[in-house]
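Q: Structure here, sequence nowhere to be found:
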Ligand code: ADP
Ligand code: MG
């Protein structure tokens, strides 16, 4: 029998991951919008802990938005997913380890699962279930921001306020994107001089 040109009935997991402000949510919304244009049934979830911009929407720092459902636990996704063909999850790092099993079950049922979340916390440590999701996913996309000190590609999140707990919900006032050279795991540091952008040794293609 000839192999099919398209894998009918096969689900998969896509992970979009990187530091804060790297465009994870923008990319998630872009993928979900395209699925919607193709009249696929799309359902989006985020942890109820994240109500920075809206309770019933996934919203990017650049104000792109997509209607979503806030849930307390990853298992709640299974209760509400219905017959969705495409399942989006944002801020995956705030869910428990069971998000991996939930995503696997959804993909095994034949659904496309698109998960966005932070790969590292502000100390540079792997964050919640995201690293394990990256291990089992079919596709992993690493997004990069722009370092707020030098303009180089940034894959770290600098915490700007001195709080020791891992989860501290905030945006520009609390965090900024930094490259590995200008990132510091200590939450607070004196104002660093910002280099003029034309002097940058830009080598990344991102
Ligand atoms: P994430 O979900 O990864 O935190 P978003 O998709 O919500 O990112 O937001 C990406 C947007 O953040 C960019 O399009 C830009 O408007 C804004 N932004 C703010 N600071 C930066 C930065 N240092 N580098 C890149 N984008 C930034
Ligand atoms: Mg986001």
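A: Sure, I can see it. Remember, predicted model here, so these are calculated numbers, not experimental data. Ligands and ions are numbered 1, 2, ... in the order given.

Q: ok but residue 124 is inside a strand, no?
A: No - read with DSSP: H, G, I helix; E, B strand; the rest coil, residue 124 is coil and lies in no strand.

Q: State the pLDDT value of the nearest residue to it once chain neighbours are set aside.
A: Leaving out its chain neighbours, the residue that sits closest to residue 124 by C-beta to C-beta, 6 or more residues apart in numbering is residue 185, at 5.7 Å. (Each C-beta comes from the backbone N, C-alpha and C, glycine too.) For residue 185, the model assigns a pLDDT of 91.

Q: Could you count how many residues lie near residue 185?
A: When neighbours are counted by other C-beta atoms under 10 Å, residue 185 registers 12.

Q: List the contacts of residue 50.
A: For residue 50, the contact set (C-beta atoms under 8 Å, 6 or more residues apart in numbering) comprises 70, 90-91, 94, 169.

Q: how does it look with 7 Å?
A: Counting by C-beta atoms under 7 Å, 6 or more residues apart in numbering, residue 50 touches 91, 94, 169.

Q: what's the burial count for the second one?
A: Put plainly, it is residue 94. With other C-beta under 10 Å as criterion, residue 94 counts 21.

Q: try residue 42
A: Neighbour tally, residue 42, other C-beta under 10 Å: 22.

Q: Could you pick out the longest helix of the protein?
A: As assigned by DSSP state H, the longest helix anywhere in the chain is helix 24-37.

Q: Check which residues of it are buried.
A: 24-29, 31-32, 35 (16 or more other C-beta atoms under 10 Å).

Q: packing partners for it?
A: On a contact count with 3 or more C-beta pairs under 7 Å, 6 or more residues apart in numbering; DSSP states H and E, helix 24-37 meets strand 12-18, strand 42-47, strand 57-59, strand 86-89, strand 112-118, strand 139-143.

Q: do you know which of these lies nearest residue 126?
A: Minimum separation from residue 126 across the helices and strands packed on helix 24-37 (C-beta to C-beta) falls at strand 112-118, 9.6 Å.

Q: and the next helix-or-strand element following the closest one, anywhere near ligand 2?
A: Counting by DSSP states H and E, the next helix or strand C-terminal to strand 112-118 is helix 130-136. No - Helix 130-136 stays clear of ligand 2 (C-beta under 5 Å from the ion), getting no nearer than 12.2 Å.

Q: how about the residues of this protein that lie near ligand 1?
A: Counting by C-beta under 6 Å from any ligand atom, the residues of the chain lying close to ligand 1 are 20-26, 60-62, 145-146, 148, 177.

Q: ok, so of these, who is nearest residue 130?
A: residue 24 (10.3 Å).

Q: Contacts only, for the residue lying closest to residue 64 once chain neighbours are set aside.
A: Leaving aside its sequence neighbours, residue 64 sits nearest to residue 29 (C-beta to C-beta, 6+ apart; 4.7 Å). Neighbouring residues of residue 29 by C-beta under 7 Å, 6+ apart: 58, 60, 64, 66.
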